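Peer 1: kindly generate the corresponding structure for this input.
(one chain, ligands or ions: 2)
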Amino acid sequence: MYNIKAIIFDLDGVLVATSKYHYLAWKRLAQELNIEFTIEENERLKGVSRMNSLEIILEIGNITLDDDTKIELAEKKNTWYVEYISKLTPTDILPGVIDFIESVKESNLKIALGSASKNSMLILNKLNLTHYFDAIIDGTKVSRAKPDPEVFLKGAQALKVLPCQCIVFEDAQAGIDAAINAGMLSIGIGSKDILKKANLVLSGFSNIIFDKLEL
Ligand code: B16
Ligand code: MG
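Peer 2: Ligands and ions are numbered 1, 2, ... in the order given. This is a model prediction of the structure:
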């Protein structure tokens with residue numbers, strides 16, 4: 001059997017449903033650029049870094065811009081996004097998450113965050129989740145975006161455990177690929193059709209506790 005010592009959680013789409021706020025802010029920016037951006041296309045941005053998300057939107061609109069303009073636009077989108085997430089409260093935590101985290105703690109495992117977001121501290125604080133984490137690795141601490149394994153490897157390193165002793169929870173295909181590239185087990189949160197490569201896929205954390213997981 002596996003000798004699991006740590007759990008690494010992605011943030012957006014795993015602990016909290018922020019994807020709709022990313023969508024609203026990107027949609028507003030796309031409208032300013034006269035680009036049609038649909039909720040289906042928003043799926044492509046999940047787990048992807050802010051700059052890479054902008055690149056995808058510009059590609060959809062067939063627009064080329066210089067780097068300074070791109071930085072300006074990404075900052076603009078982020079200002080709108082931060083306005084939305086400033087209103088988050090602990091009631092926005094996805095169902096079953098707290099009980100699952102408590103069950104992980106009771107099993108004496110360590111917990112890390114492994115998120116692409118540069119807003120993760122703001123979000124965790126708004127949700128009152130920060131105190132659960134033994135290590136927080138986010139978009140401010142990595143230089144390579146998922147599917148690169150950097151974010152999860154840094155998480156394992158900070159927790160002083162081996163990659164093969166970690167389970168990653170992820171909602172994005174790029175994140176499952178990053179876990180595989182890190183040599184970690186992965187559990188997808190979402191649809192089996194999309195998260196095919198995960199070791200296990202759950203629709204969410206409702207009624208899920210750590211020591212009943214079957215990998
Ligand atoms: P920010 P995760 C990711 O977070 C989101 O899924 C993705 O849609 C977003 O573009 C990315 O964070 C960057 O977020 O603009 O806040 O730095 O899923 O890795 O927790
Ligand atoms: Mg995610």
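
Peer 1: run through who's touching the helix or strand where residue 176 lies.
Peer 2: Assigned by DSSP states H and E, residue 176 belongs to helix 173-182. Outside of helix 173-182, the residues within contact range by CB atoms under 8 Å, 6 or more residues apart in numbering are 8, 10, 46-48, 145-149, 151-153, 156, 163, 166, 168, 170, 185-186, 188, 194-195, 197-198. Every C-beta, even on glycine, is put in place using the N, C-alpha and C of the backbone.

Peer 1: alpha carbons only: can I get that helix in PDB?
Peer 2: Output of helix 173-182 as PDB, limited to C-alpha atoms (Å, rounded to 0.1, in the frame of the first residue of the first chain):
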ATOM      1  CA  GLN A 173      -6.300  18.600 -16.300                       C
ATOM      2  CA  ALA A 174      -3.200  20.800 -16.200                       C
ATOM      3  CA  GLY A 175      -3.000  20.200 -12.500                       C
ATOM      4  CA  ILE A 176      -3.500  16.400 -12.700                       C
ATOM      5  CA  ASP A 177      -0.600  16.400 -15.300                       C
ATOM      6  CA  ALA A 178       1.500  18.500 -12.900                       C
ATOM      7  CA  ALA A 179       0.900  15.900 -10.100                       C
ATOM      8  CA  ILE A 180       1.800  13.000 -12.500                       C
ATOM      9  CA  ASN A 181       4.900  14.900 -13.600                       C
ATOM     10  CA  ALA A 182       5.800  15.400  -9.900                       C
END
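
Peer 1: angle of the very next helix or strand once past it against helix 173-182?
Peer 2: Following helix 173-182 in sequence order, the next helix or strand is strand 185-189 (DSSP H and E). Put simply, strand 185-189 runs at 170 degrees to helix 173-182, going by axes from the mean of the first three to the mean of the last three CA atoms, to 10 degrees.

Peer 1: for strand 185-189, which strands pair with it and how are they oriented?
Peer 2: Strands adjacent to strand 185-189 in the sheet, as given by DSSP bridges, are strand 166-170 (parallel), strand 200-202 (parallel).

Peer 1: for that strand, the distance to its chain's centre please.
Peer 2: 12 Å (CA atoms, centre = their mean, to the nearest Å).

Peer 1: cool, stretch 72-80 as well?
Peer 2: That offset, for stretch 72-80, works out to 19 Å (CA atoms, centre = their mean).

Peer 1: and it, C-alpha only, in CSV?
Peer 2: What follows is stretch 72-80, C-alpha atoms only, in CSV (Å, rounded to 0.1, in the frame of the first residue of the first chain):
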residue,chain,number,x,y,z
GLU,A,72,-1.6,46.2,-18.2
LEU,A,73,-4.6,44.1,-19.3
ALA,A,74,-3.8,41.2,-16.9
GLU,A,75,-3.6,43.8,-14.0
LYS,A,76,-6.9,45.3,-15.0
LYS,A,77,-8.6,41.9,-15.0
ASN,A,78,-7.0,41.1,-11.6
THR,A,79,-8.4,44.3,-10.1
TRP,A,80,-11.9,43.3,-11.1
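
Peer 1: isn't residue 26 right up against residue 38?
Peer 2: No - counting by CB atoms under 8 Å, residue 26 does not reach residue 38; the two are 10.8 Å apart.
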